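Visitor: take a look and give me a structure for this.
(one chain, ligands or ions: 1)
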Amino acid sequence: MARISRILVANRGEIALRIIRACHEEGLEAVAVYSHADRLSPHVRAAELAVPIGPAPAIDSYLNIGRLIEAARATGCQAIHPGYGFLSERAPFAEAVARAGLVFVGPPPAAIQAMGDKVEARRRMQAAGVPIVPGTTQAVPDARRAGDAAARLGFPVLLKAVAGGGGKGMRLVREPGELEAAFQAAQGEALRAFGAGDVYVEKYLLRPRHIEIQVLADTHGRIVALGERECSIQRRHQKLIEEAPSVALSPALRRRMSEAATAAAGAVGYVSAGTIEFLLAPEGGDFYFLEMNTRLQVEHPVTELVYGVDIVREQLRIAAGQPMRVHAGTLHPRGHAIECRITAEDPFADFLPATGSLRYLRVPSGPGVRWDAGVEQGNDVTLFYDPLLAKLVVWGETRDVAIERMRRALRELVIVGLPTSQAFYLRVLEEPSFRRGDIDITYLERLSGALLAPGPRAELLRPLAVVAALLAEERRAAAQPPKVAVTPPDRATAWVVEGRREGLREGLRE
Ligand code: MV4
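Guide: Numbers count the residues shown, from 1 in each chain. Predicted coordinates:
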C-alpha cells in the first residue's frame, strides 16, 4: 500500500481548491501549482506549499508534464491529483507520473486509453452487455462505407471522431446526399483537433436526455454506482445546470443504469472515480452508452449532496490502496441537488467570454447552499482558462424546494466587475417547462430565444445599487488611508504564514 502524506494538485481554480480541502480532511498536505496569472488565486494560499510552474498559457504551465512532475519531486509529494480538464485524461501523463515513482490519483492508464478510443470503448461495452447506440464498432474508411452503414441503420446518422468526445469532429447526416461533405468535414475536424481523422457512424437519437452515472472503484475489486446526474441543460456541449436525481428515472431504471455503469467500469479494469455517460430515449426507458469520463467531473457535488459521500476523499483513499468507505447496499439518494455553473460569460451577448476584475463579490450562504469557487474578490479574470468562476450548488428535500433555494441563493449572489451567467439561471428556473422537468439535450437551444430576450433586466438593478454603494465607500476610504505596519519576517514567522493565508501580501499589513 502506498504511504501518501503529501499530494500535488495539478490544476487550478475551484477544483484545485476542492481537492486541497479533501486532502486536509484526510490528514494530507497539499502542494499547489500556479501559473503567473494565478499567483493571487485562492488555491495557491490554501495549500501548504505552492510552486510556480510558468507563464499564463496552459501549454506553458498546467499542461507542462515535466514541470509538474519536477514540482512534485522537489516538494516531496508521493501522489498527483490531476483534477479535470488539462492532463486529467491523458494516458501518457498517468504513465509519466507512475514512471516518476508517484501515484496518479485516477484510473490505470490502460483504462484511460481504452475509453479514449470511442470504437474500442463501444466494442468493450458491447462485450460486457452494456447497451450502445446502434452503429459501427470500427472506423469507416470512406464516405461510401459510411453510406452503407447509414442505409442499414436508417437516417439520420451521426458521424463521430474515433478519438473524439465532447462533440468535436461530429456531423449530422440527414440524407444520403449529405454524406460525402459531412464525412470530409468530420474527418478534417477530427484530424485538426485530435491528430487522428478516423470516423465511425451512429444512429442519431432524437431529443434524448443526457444522464450520467457516477462510479467509484477501489483496488480491492469493489465497484459501486452513486446514482445519476441529469445533465441535459447544456449549450454547445457546455453543461450549465446539473441535477441529482433525474425526474426521468424510476428506482428500477436507476438500478438498470447503475448495473450497466458498474459493468462498463469493470470491463476496462477501472479504479478511482469515473462517470459513464448515457443517452436516455424520450419514452420507454431505453438508454445507450455514449462515453466514459475517466476523471473527477465538474458536477460531482450534486451526487455528493444526495448520497452523502465525499467523492474526492474516497478518490484519495482509493489512490492510497485503501478500501472505499462506500457500500452499495446502503446507498440511497436523499432529497434533490442542483448545480449552476457561474461563468464569466455574457448570456445576453451569445455567452461571449468576459474578462475583468472581480471588484466586489458577495457569496450566497445559509441552509443547503454550497459555494465552490476558484476566485475571490479582487482577482482578475483572463481569457487564458475556461470561464468557470464558481459552482453554486444547493440541496433541498424535494426538487421544488431545491429550485426555490437556488433562486434565493442566486438573488443573494452579487458579482460586480464583469458580466456573468447569473441572471440566465434565474430565468431558466422560472420556466414552467423546466419546473416540470420537461427537458432534453435540445432544451436550451429551443428556448434560448425566450430566455435571452432583451427585456427589463431587473436582475441588474441590485448590482447597480451595490456599485453605487461601493463608489461611496471608496471615496471615504481614499480620504482616510489605512495604517500599514511592516513586520520583519524573522520576528513574526507565524504572522507571515497566516497573513499569506488571509491574502495580506506576505503578512505585512496590520
Ligand atoms: C449523440 C447524440 C445523438 N445521437 N449520439 C455530443 C457530444 C458527445 N459526447 C456525444 N454527443 C451526442 N451524441 C447519437 N447517436 C447527441 C449528442 C449530443 C449531446 C449529447 C450529450 C449532451 C449534450 C449533447 C448536445 C448535442 C448533441
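Visitor: element containing residue 475, please.
Guide: If you go by DSSP states H and E, residue 475 is part of helix 461-479.
Visitor: that helix: how far from the chain's middle?
Guide: Relative to the centre of its chain, helix 461-479 is centred 35 Å away, using CA atoms, centre = their mean, to the nearest Å.
Visitor: ok, and what's touching it?
Guide: With contacts defined as CB atoms under 8 Å, 6 or more residues apart in numbering, helix 461-479 is touched by 359, 360, 362, 411, 414, 415, 416. For glycine as for every other residue, the C-beta is placed from the backbone atoms N, C-alpha and C.
Visitor: mind checking the SS state of residue 187?
Guide: helix (DSSP: H, G, I helix; E, B strand; the rest coil).
Visitor: next one: residue 246
Guide: Assigned by three-state DSSP, the conformation of residue 246 is coil.
Visitor: closest to the ligand among the contacts of helix 461-479?
Guide: Closest approach between the contacts of helix 461-479 and the ligand, by CB to the nearest ligand atom: residue 415, at 27.0 Å.
Visitor: report pLDDT for that closest one.
Guide: pLDDT, residue 415: 95.
Visitor: what's around residue 10, how many residues?
Guide: The number of residues packed near residue 10 is 31, by other CB atoms under 10 Å.
Visitor: please tell me how far it sits from the ligand.
Guide: Distance, residue 10 to the ligand, by CB to the nearest ligand atom, to the nearest Å: 24 Å.
Visitor: quick one: that residue and residue 68 touch, right?
Guide: Yes - counting by CB atoms under 8 Å, residue 10 touches residue 68, with 4.9 Å between them.
Visitor: got the phi and psi for residue 214?
Guide: Phi and psi for residue 214, reported as degrees, to the nearest 10, are phi -80, psi 130.
Visitor: renumber starting at 18 from here on
Guide: Right, with 18 as the first residue, what we last looked at is residue 231.
Visitor: spatially nearest residue to it (excluding sequence neighbours)?
Guide: Counting by CB to CB, 6 or more residues apart in numbering, residue 231 lies nearest to residue 243, which is 4.1 Å off, once chain neighbours are set aside.
Visitor: what is the burial count for that neighbour?
Guide: 27.
Visitor: can the helix or strand it falls within be found next to the ligand?
Guide: Here residue 243, judged by DSSP H and E, is contained in strand 240-252. Yes - contact of strand 240-252 with the ligand (CB under 6 Å from any ligand atom) involves residue 251.
Visitor: who are the packing partners of that strand?
Guide: strand 226-234, strand 255-261, helix 268-284, helix 317-324, helix 460-468 (3 or more CB pairs under 8 Å, 6 or more residues apart in numbering; DSSP states H and E).
Visitor: listing partners with orientation, what would you give for it?
Guide: strand 226-234 (antiparallel), strand 255-261 (antiparallel) (DSSP bridges).
Visitor: quick check: which of those is nearest to residue 280?
Guide: strand 226-234 (10.1 Å; CB to CB).
Visitor: quick one: buried residues of that closest one?
Guide: By 16 or more other CB atoms under 10 Å, the buried positions in strand 226-234 come out as 226, 227, 228, 229, 230, 231, 232, 233, 234.
Visitor: apart from its neighbours in sequence, what residue is nearest residue 41?
Guide: Nearest non-adjacent residue to residue 41 (CB to CB, 6+ apart): residue 47, at 6.9 Å.
Visitor: burial count for that neighbour?
Guide: With other CB under 10 Å as criterion, residue 47 counts 25.
Visitor: distance-wise, check it relative to the ligand.
Guide: 32 Å.
Visitor: residue 155 sits in which helix or strand?
Guide: Applying DSSP H and E, one finds residue 155 in no helix or strand.
Visitor: burial count for the closest residue to it other than its chain neighbours?
Guide: Distances taken as CB to CB, 6+ apart put residue 136 closest to residue 155, at 5.8 Å, once the chain neighbours are dropped. For residue 136, the tally of surrounding residues (other CB under 10 Å) stands at 19.
Visitor: next one: the spatially closest residue to residue 456 that is not a sequence neighbour, what pLDDT does it get?
Guide: For residue 456, ignoring the flanking residues on the chain, the nearest one in space by CB to CB, 6+ apart is residue 249 at 4.8 Å. In this model, residue 249 is scored at 98, pLDDT.
Visitor: then residue 471?
Guide: pLDDT recorded at residue 471 is 65.
Visitor: distance of the residue nearest to residue 231 relative to the ligand?
Guide: Distance from residue 243 to the ligand, by CB to the nearest ligand atom: 20 Å.
Visitor: tell me which parts of this protein are close to the ligand?
Guide: Residues of the chain lying near the ligand (CB under 6 Å from any ligand atom): 150, 175, 182-184, 219-222, 227, 251, 254, 296, 307-308, 458.
Visitor: closest to residue 114 out of these?
Guide: residue 182 (21.6 Å).
Visitor: element containing the nearest residue to the closest one once chain neighbours are set aside, please.
Guide: Nearest residue to residue 182, sequence neighbours excluded (CB to CB, 6+ apart): residue 308, at 5.7 Å. Using DSSP H and E, residue 308 sits within strand 304-310.
Visitor: and the angle for that strand with strand 226-234?
Guide: 60 degrees (axes from the mean of the first three to the mean of the last three CA atoms, to 10 degrees).
Visitor: alpha carbons of strand 304-310, in CSV - could you do that?
Guide: Output of strand 304-310 as CSV, limited to C-alpha atoms (Å, rounded to 0.1, in the frame of the first residue of the first chain):
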residue,chain,number,x,y,z
PHE,A,304,-30.6,4.0,-22.7
TYR,A,305,-27.3,3.8,-24.5
PHE,A,306,-23.7,4.1,-23.5
LEU,A,307,-22.1,7.3,-25.0
GLU,A,308,-18.7,7.5,-23.4
MET,A,309,-16.9,7.3,-20.1
ASN,A,310,-15.2,10.2,-18.5
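Visitor: contacting residues around that strand?
Guide: For strand 304-310, contacts defined as CB under 8 Å, 6+ apart pick out 106, 132, 135, 138-139, 142, 147-150, 182, 222, 227-229, 270, 273-274, 277, 281-282, 285, 287, 291-298.
Visitor: now do the helices in the stretch 318-467 of the chain.
Guide: In the stretch 318-467 of the chain, the helices defined using DSSP state H, counting those that start in this stretch lie at 328-336, 416-429, 439-447, 449-452, 460-468.
Visitor: could I get those helices as a markdown table with distance to residue 188 and mean pLDDT?
Guide: Below are the helices of the stretch 318-467 of the chain laid out as a markdown table (distance: least, CB to CB, whole Å; pLDDT from 0 to 100):
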| stretch | distance to residue 188 | mean pLDDT |
| --- | --- | --- |
| helix 328-336 | 35 | 98 |
| helix 416-429 | 36 | 97 |
| helix 439-447 | 29 | 95 |
| helix 449-452 | 29 | 98 |
| helix 460-468 | 17 | 88 |
